[in-house]
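Chemist: just coords:
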């Protein structure tokens with residue numbers, strides 16, 4: 001494979017993972033998989049939560065992709081892209097938003113602030129239904145999300 005093909009697979013995987021993560025979060029985690037994800041929406045003082053089983057599951061799949069990629073090279077490069085997405089997710093979601101690991105930083109402006117606000121609005125909805133903002137690296141306008149929450153409250 002050429003370096004352009006490898007780079008395209010890595011970048012494509014990172015972008016595709018945001019769409020995949022959005023769908024998994026909305027339709028699985030807030031659907032039939034709520035049993036694991038519920039722990040993430042409940043107050044607690046633990047560093048580990050049942051929701052982390054999703055990360056373990058996805059990590060095992062990516063490890064299998066790396067192994068298969070030793071024979072089928074494109075799979076290896078897709079696994080690299082998924083791993084990069086996972087690292088970005090951990091930094092944004094677990095460090096920036098939830099302060100689970102690393103330094104405690106509250107952004108005052110820019111896209112990091114928008115991500116934080118969108119995820120806090122996601123957590124403002126109690127229970128698995130009626131949520132907003134299911135992405136992890138793409139965040140809609142907080143004002144638009146607030147309007148959507150208000151509209152649903154008036155139904």
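Modeler: Perfect, thanks for sending it. Computed from a predicted model, the values in this text were never measured in an experiment. Numbering: from 1, shown residues only.
Chemist: quick one: contacts of stretch 99-114?
Modeler: Here stretch 99-114 makes contact (CB atoms under 8 Å, 6 or more residues apart in numbering) with 47, 90, 94-96, 116, 139, 141-142. For every residue, glycine as well, the C-beta is placed using N, CA and C.
Chemist: Same list (the residues you listed) but as CSV, adding secondary structure, distance to residue 153 and pLDDT.
Modeler: Formatted as CSV, the contacts of stretch 99-114 follow (DSSP: H, G, I helix; E, B strand; the rest coil; distance: CB to CB, whole Å; pLDDT from 0 to 100):
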residue, secondary structure, distance to residue 153, pLDDT
47, coil, 33, 80
90, helix, 33, 88
94, helix, 29, 83
95, helix, 31, 83
96, helix, 28, 82
116, helix, 22, 90
139, coil, 21, 89
141, coil, 18, 91
142, helix, 16, 92
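Chemist: now, which of those sits nearest residue 76?
Modeler: Using CB to CB, residue 90 comes nearest to residue 76 of these, at 21.1 Å.
Chemist: So which elements touch the longest helix that the chain contains?
Modeler: Ranked by number of residues, the top helix in the chain under DSSP state H is helix 3-23. On a contact count with 3 or more CB pairs under 8 Å, 6 or more residues apart in numbering; DSSP states H and E, helix 3-23 meets helix 73-89.
Chemist: Just the pLDDT at the most centrally placed residue in the chain, thanks.
Modeler: The residue lying closest to the centre of the chain (CA atoms, centre = their mean) is residue 136, at 3.9 Å. If you check residue 136, the pLDDT there is 86.
Chemist: can you check residue 151 too?
Modeler: 87.
Chemist: Which helix or strand contains it?
Modeler: Here residue 151 sits within helix 142-153, counting by DSSP states H and E.
Chemist: in that helix, what counts as buried?
Modeler: Across helix 142-153, burial judged by 16 or more other CB atoms under 10 Å covers 142, 145, 148-149.
Chemist: one step back: and the angle from the longest helix of the chain to helix 73-89?
Modeler: 50 degrees (axes from the mean of the first three to the mean of the last three CA atoms, to 10 degrees).
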